[in-house]
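J.: Sequence first, then the predicted structure:
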Amino acid sequence: IRDRLFSESINTDEIQLSFFDVDQGVGSPLELVIISATEIQLIFAFPFDAGIIYSMSINGVSDCPGNILTNSNHEFGIPAQPNAFDVLITEIFADPEPQVGLPTVEFLEIYNSSNQIYNLENWLLRDATSETELPNHLLTPNQYLILCDDDDIDQFLSFGNALGVSGFPTLNNSSDELSISDQDDNLIHFVAYNDDWYQSNVKKLGGWSLEMIDTNNPCQGSENWSASTDAQGGTPGQANSIEESNPDDTNPDLLRILVNSSTEIELVFSEGLDINSAIVSDRFFISQGIGAPIQARVRFPFLNRIVLTLSTALQPQTIYIIEVDNSVTDCVGNEIGIFDTLSFGLSETAEVGDVLINEILSNPLSGGSDYIEIYNNSNKIIAIDELLVGRYDSEGILDDIEIISEERIQLLPQGYLAISENIPFLIDNYQ
């Protein structure tokens, strides 16, 4: 069934079924129902398939004075249900000033990377602190769409397809977490950007957008984003200026384990994972008789975090080993890498003598940072988030106290941990 609305009253006495023809083998309607002088309803023999764009040709419809509509073509379709990464956030304009060429207001660009059409109505756009619903809009295959505040829509209409959004989030200049979810709150795409992604100390000061390099590589962060090279400072509603092939050939690695409780652990990977492969519980195996978890779920919107619910509670003073099956993949299908196992357990509070400062670098190589190495001198599993690091000043007062980690990282018995402000430099030059 398809409703048609006209801009003025039509001659309903002479309207015929043959005036309407739909492609894809559909043809003319079986029945026509007059709703009003400007609206009719067409009934077809077969239901339309979701996600397909149809074109209707209208010939012969006339208005009351006798003006005839000929060769008028109109596209329509029934929206499909999206999968993860079908619609991507592809451009971020978080810091419009100083002006380079674009309007001095914020925008996001999204892109339909699929061959389906989607209705954005009631989809959720979020940043780290807010969320808003998107209005009704049909997003067609391979279409770019500018999202901006309702009040700013007129400034972007000349650039391409644009959609004003009530309550459009304020994009933080230095970093933010952006996501798009469908009307059922299924995550479609997530981007956690920061201003290092510009790859330019000049462009990150403002006026330039961040652009995705390769839309076939939707989960990588800084490796697949950079500042626009367009003279205007960005390419809203168009293919990105830095668009090129940038495949993800890197295997995801298991980086660390957070023990949330005796029956829940959280695995942190080096990159975002394919959701369907990561929520199969028997792809994770835990030693000491626990086996597979009873549930595996993604810690939305962070696709690189998997939360496992255990069938048996963890026991104190016991070290467990988890192994991740290589059927768990990243977003583009790369299997888990060689770092697929880690040890963990329930942590205990450190006492005097349990953790020692074992090594100090106070005069690093040029461009580097100091570091200290700590050593777990006990048989306990120590929670790093409970430890602080500082120094004594000349008067013997403890000063410059810092939390080592805000996450519940563990230091296993007889384990070592290096602490520095510049970990990449430390790895490149001292490992």
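T.: In hand now; what should we look at?
J.: start to end distance for stretch 284-304?
T.: In stretch 284-304, first residue to last residue: 15 Å (Cα to Cα, to the nearest Å).
J.: Show me how far it is from its chain's centre.
T.: 21 Å (Cα atoms, centre = their mean, to the nearest Å).
J.: what is the mean pLDDT for that stretch?
T.: If you average the pLDDT over stretch 284-304, you get 92.
J.: Kindly report the same for stretch 102-117.
T.: The model assigns stretch 102-117 a mean pLDDT of 96.
J.: for stretch 36-53, same thing?
T.: Taken as a whole, stretch 36-53 carries a mean pLDDT of 88.
J.: List the contacts of it.
T.: 1-10, 12, 15, 20, 22, 24, 26, 29-35, 54, 75-81, 115-117, 140-141 (Cβ atoms under 8 Å, 6 or more residues apart in numbering). Placement of C-beta: from N, CA and C, glycine included.
J.: List the buried residues in that stretch.
T.: 40, 42, 44, 48, 51, 53 (16 or more other Cβ atoms under 10 Å).
J.: mind saving the C-alpha coords of it as PDB?
T.: Taking C-alpha atoms only, stretch 36-53 is exported to PDB below (Å, rounded to 0.1, in the frame of the first residue of the first chain):
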ATOM      1  CA  SER A  36      -9.100  13.400  -0.400                       C
ATOM      2  CA  ALA A  37      -8.700  15.900  -3.300                       C
ATOM      3  CA  THR A  38      -4.900  15.800  -2.800                       C
ATOM      4  CA  GLU A  39      -4.400  12.300  -1.400                       C
ATOM      5  CA  ILE A  40      -4.900   8.900  -2.900                       C
ATOM      6  CA  GLN A  41      -4.000   5.400  -1.700                       C
ATOM      7  CA  LEU A  42      -2.600   2.800  -4.100                       C
ATOM      8  CA  ILE A  43      -2.900  -0.900  -3.300                       C
ATOM      9  CA  PHE A  44      -0.500  -3.400  -5.000                       C
ATOM     10  CA  ALA A  45      -0.600  -7.100  -5.500                       C
ATOM     11  CA  PHE A  46       2.600  -7.900  -3.500                       C
ATOM     12  CA  PRO A  47       4.200  -6.300  -0.400                       C
ATOM     13  CA  PHE A  48       7.200  -4.100  -0.900                       C
ATOM     14  CA  ASP A  49      10.600  -5.400   0.300                       C
ATOM     15  CA  ALA A  50      12.300  -3.500   3.100                       C
ATOM     16  CA  GLY A  51      15.500  -1.700   2.300                       C
ATOM     17  CA  ILE A  52      14.900  -1.500  -1.500                       C
ATOM     18  CA  ILE A  53      14.500   1.800  -3.300                       C
END
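J.: next one: it to chain centre, how far?
T.: With Cα atoms, centre = their mean, you get 35 Å for stretch 36-53.
J.: distance between stretch 131-140 and the chain's centre?
T.: From the chain centre to the centre of stretch 131-140 is a distance of 17 Å (Cα atoms, centre = their mean).
J.: in that stretch, what's buried?
T.: For stretch 131-140, by 16+ other Cβ under 10 Å, it's 132, 134, 137-139.
J.: do the same with stretch 137-153
T.: 137-139, 143-149, 152-153.
J.: Out of the residues you listed, which is nearest to residue 343?
T.: Closest approach between the buried residues of stretch 137-153 and residue 343, by Cβ to Cβ: residue 147, at 44.5 Å.
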